[in-house]
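Colleague: coords below, sequence missing:
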Ligand SMILES: Cc1cc2nc3c(=O)[nH]c(=O)nc-3n(C[C@H](O)[C@H](O)[C@H](O)COP(=O)(O)OP(=O)(O)OC[C@H]3O[C@@H](n4cnc5c(N)ncnc54)[C@H](O)[C@@H]3O)c2cc1C
Ligand SMILES: NC(=O)C1=CN([C@@H]2O[C@H](COP(=O)(O)OP(=O)(O)OC[C@H]3O[C@@H](n4cnc5c(N)ncnc54)[C@H](OP(=O)(O)O)[C@@H]3O)[C@@H](O)[C@H]2O)C=CC1
């Protein structure tokens, strides 16, 4: 019964992903004499390590899965409780946990992340990839697969079509070009040949310590429903943190075929219908009475068939829905009065405050609803999860101490470094001319298999850039975007490969 008695904490953070851990660490160092409670459903937490400020706004770091004891050792005032939050009662400043306990807070930060936004929730042959368990389920199914279909045109799809081997991949994209979330048709053209070439051998496996859920907690039993996240149902059961940078290096991405990569892209179409093998055979039978577009003629029967809006049908072993993220708000936030954005994220202002008093939010669960800088936009990425987590802690502290706080400089310019198809990719500002309409011009420089450089200019000033390959231009371009220098006198010379642009603008 004693356990039932509610405990009171000044600061409580929900979520052991990058946002929640960054928030907790910042609070812990700012308030060394207060207990900071980190509540998380996952047995391992995600920590940022080897943080490096590459330039004013570009940052690079590793993401390491750690047992909670590591953060508790580093910050003795941090207490990690592994339990799912069942219900928030914001009016009472109270959380109810699955372990039966209750916790009162003065200030709360919600960092409950997201889960795959699947295009359908009605097929066990359609999976999403989010956390260690879902990645392992993907690997298990892939090891027996000869053909898979990947739906979506963002980060996960780009990684999968490049990494998967020994399996035929049908890649279904809504757009005219691949990788629409990250770049334009020109960059896609530059990258496409990489899909047909062999991947370079990886020299080393891991530089970092790896922990599995098995060394942090008892193995999942079937009744605990560990495993693939094939539902978007708001279940509180499968709530791991999002995967880290080299997640695909940790698992073997190999199918059952003795072929290397074979990717076929279906452009400008979506999924019309998902059939089981039985449904498909029935539809074929009916089709004999009223002729329909012919199915994929390759060998079958397959466990699942996908009919596309372009009339084609493909049979495959399973389908990956790499179709974005839904913020984790259900069901534990129901019954409160949260303002929610169109993408289902909790709306936060420039102090990371939600619409409920004393409740802040950061990372994938939130939607930035302040007036953004003209060069920044939210994308659900770990850089932003770290920045938001850290900044929300500073805002909680400032509000508690009644001190003013300005929106941090990191929200001035969108900056992302990543790797696609084994190329370094840097995205700056309005890299895809987002929101600029016709009011922009592009300068492009491309050297096959080496680099692709695109600059977005508005009224002669740089507002965005895509840099693929080892261009070494990121710092100079970042400065040019931040200082909004008039570049019209330079015209196309700006990308002249014979001019050392760094010296030019020093
Ligand atoms: C496969 C994959 C590859 C990616 N690659 C990249 C990349 O290369 N670069 C990049 O920048 N970003 C990448 N991302 C995105 C990035 O991982 C996320 O944006 C980021 O990790 C989000 O962090 P978060 O802390 O907001 O959420 P999460 O990491 O999802 O953490 C949420 C936490 O909340 C907990 N939780 C949820 N609900 C509850 C509850 N009711 N009670 C208690 N705890 C709860 C969960 O257990 C979890 O610990 C990738 C994502 C995926 C899935
Ligand atoms: N290297 C990196 O930076 C990586 C980042 N990530 C991040 O992880 C998260 C999850 O990745 P991912 O799932 O790829 O999400 P993304 O948001 O990157 O991409 C989702 C893609 O799916 C498309 N889509 C959405 N709904 C449908 C549908 N019903 N049918 C067909 N296509 C659809 C979207 O198109 P539209 O935009 O037109 O809706 C978009 O192209 C994202 O936040 C992503 O940024 C993941 C891997 C690598």
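Modeller: Nice, thanks for sending it over. As the structure is a computational prediction, the values presented were derived from the model and not from experiment. Ligands and ions are numbered 1, 2, ... in the order given.
Colleague: which residues does the residue of the stretch 251-400 of the chain found nearest ligand 1 contact?
Modeller: The minimum distance from the stretch 251-400 of the chain to ligand 1, using Cβ to the nearest ligand atom, falls at residue 363 (2.3 Å). The C-beta positions use only the backbone N, C-alpha and C, and glycine is treated the same way. Residue 363 sits next to 15, 17-20, 111, 113, 380, 384-385, 388-389 when contact means Cβ atoms under 8 Å, 6 or more residues apart in numbering.
Colleague: can you put the residues you listed in TSV and add pLDDT and distance to residue 120?
Modeller: Output for the contacts of residue 363, formatted as TSV (pLDDT from 0 to 100; distance: Cβ to Cβ, whole Å):
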residue	pLDDT	distance to residue 120
15	97	27
17	96	26
18	96	29
19	98	28
20	98	30
111	98	28
113	97	22
380	97	21
384	97	28
385	97	27
388	98	30
389	98	32
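Colleague: show me which of those residues neighbour ligand 2.
Modeller: residue 380 (Cβ under 6 Å from any ligand atom).
Colleague: now, which of the contacts of residue 363 sits nearest residue 454?
Modeller: Closest approach to residue 454 among these (Cβ to Cβ): residue 384, at 22.0 Å.
Colleague: does that closest one touch residue 378 like I think?
Modeller: Yes. Between residue 384 and residue 378 a contact is recorded at 6.5 Å, counting by Cβ atoms under 8 Å.
Colleague: who has more neighbours out of the two?
Modeller: residue 384 (25 against 19; other Cβ atoms under 10 Å).
Colleague: where is the longest helix in the chain?
Modeller: The longest helix of the chain (DSSP state H) is helix 382-400.
Colleague: break down the stretch 251-400 of the chain into its helices, ranges please.
Modeller: Secondary structure of the stretch 251-400 of the chain (DSSP state H, counting those that start in this stretch): helices at 277-289, 382-400.
Colleague: likewise for the stretch 401-506 of the chain?
Modeller: Using DSSP H, counting those that start in this stretch, helices in the stretch 401-506 of the chain cover 474-483, 501-504.
Colleague: tell me which of those helices sits most buried.
Modeller: helix 474-483 (a mean of 19; mean count of other Cβ atoms under 10 Å).
Colleague: which strands and helices sit next to that one?
Modeller: Helices and strands touching helix 474-483, by 3 or more Cβ pairs under 8 Å, 6 or more residues apart in numbering; DSSP states H and E, are strand 423-429, strand 461-468, helix 501-504.
Colleague: so which residues on the stretch 401-506 of the chain come close to ligand 2?
Modeller: So the stretch 401-506 of the chain meets ligand 2 at residue 418 (Cβ under 6 Å from any ligand atom).
Colleague: so how far is ligand 2 from residue 248?
Modeller: Distance, residue 248 to ligand 2, using Cβ to the nearest ligand atom, to the nearest Å: 9 Å.
Colleague: how about the nearest residue to that residue, chain neighbours excluded?
Modeller: residue 163 (4.7 Å; Cβ to Cβ, 6 or more residues apart in numbering).
Colleague: also residue 386?
Modeller: Distances taken as Cβ to Cβ, 6+ apart place residue 22 nearest to residue 386, at 4.8 Å, with adjacent residues excluded.
Colleague: what comes up buried for the one helix or strand the one you found maps to?
Modeller: For residue 22, the host element (DSSP states H and E) is helix 18-30. By neighbour count on 16 or more other Cβ atoms under 10 Å, the buried set for helix 18-30 is 18-28, 30.
Colleague: go on, stretch 36-52?
Modeller: 36-48.
Colleague: first to last residue in that stretch, what's the distance?
Modeller: Stretch 36-52 has an end-to-end distance of 26 Å (Cα to Cα, to the nearest Å).
Colleague: that stretch vs ligand 2: in contact?
Modeller: No. Using Cβ under 6 Å from any ligand atom, stretch 36-52 stays clear of ligand 2, with a minimum separation of 13.6 Å.
Colleague: chain center to that stretch: distance?
Modeller: 16 Å (Cα atoms, centre = their mean, to the nearest Å).
Colleague: residue contacts, whatever residue of the chain ends up closest to ligand 2?
Modeller: Here the chain gets closest to ligand 2 at one residue, residue 154, 1.9 Å apart by Cβ to the nearest ligand atom. Contacts for residue 154 were tallied using Cβ under 8 Å, 6+ apart; they are 179-182, 322-324.
Colleague: for residue 78, same thing?
Modeller: With Cβ under 8 Å, 6+ apart, residue 78 has these contacts: 24-25, 28, 35-38, 71-72.
Colleague: please report the distance of it from ligand 1.
Modeller: Where ligand 1 is concerned, residue 78 sits at a distance of 15 Å (Cβ to the nearest ligand atom).
Colleague: how close does that residue get to residue 31?
Modeller: 11 Å (Cβ to Cβ, to the nearest Å).
Colleague: the nearest residue to residue 478 once chain neighbours are set aside in helix, strand or coil?
Modeller: Nearest residue to residue 478 in three dimensions, chain neighbours excluded: residue 55, at 5.2 Å (Cβ to Cβ, 6+ apart). Assigned with DSSP: H, G, I helix; E, B strand; the rest coil, residue 55 falls in the coil class.
Colleague: go ahead and confirm residue 55 touches residue 481.
Modeller: No. Counting by Cβ under 8 Å, residue 481 is not a contact partner of residue 55; they are 11.1 Å apart.
Colleague: picking up where we left off before, ok, of the helices of the stretch 401-506 of the chain, where does mean pLDDT dip lowest?
Modeller: Mean pLDDT across the helices of the stretch 401-506 of the chain is lowest at helix 501-504; the value there is a mean of 72.
Colleague: quick one: residues contacting residue 270.
Modeller: Residues near residue 270 by Cβ under 8 Å, 6+ apart: 119, 151, 172, 174, 308-309.
Colleague: repeat that for 10 Å
Modeller: Applying Cβ atoms under 10 Å, 6 or more residues apart in numbering to residue 270 gives the contacts 119, 151, 172-174, 308-310, 323.
Colleague: and the furthest pair within those residues?
Modeller: Pairwise over the contacts of residue 270, using Cβ to Cβ, the maximum falls at 310 and 323, 17.4 Å.
Colleague: of these two, who's got more company?
Modeller: Using other Cβ under 10 Å as the criterion, residue 310 and residue 323 rank with residue 323 on top: 23 against 13.
Colleague: contacts only, for that one.
Modeller: Neighbours of residue 323 in contact, by Cβ under 10 Å, 6+ apart: 116-120, 126, 128, 150-154, 156-157, 174, 270-271.
Colleague: and the spatially closest residue to it that is not a sequence neighbour, backbone torsions?
Modeller: Sequence neighbours aside, residue 152 is the residue nearest to residue 323 in space, at 4.3 Å (criterion: Cβ to Cβ, 6+ apart). The phi/psi pair for residue 152 (degrees, to the nearest 10) reads phi 120, psi 160.
Colleague: got a pLDDT number for residue 152?
Modeller: For residue 152, the pLDDT comes out at 97.
Colleague: looking at it, it is touching residue 171, isn't it?
Modeller: Yes. Counting by Cβ atoms under 10 Å, residue 152 touches residue 171, with 8.7 Å between them.
Colleague: quick one: common contacting residues for those two?
Modeller: Common neighbours of residue 152 and residue 171 (Cβ under 10 Å, 6+ apart) are 158, 160, 320, 322.
Colleague: so which bits of the stretch 251-400 of the chain are right by ligand 2?
Modeller: 270, 322-325, 379-381.
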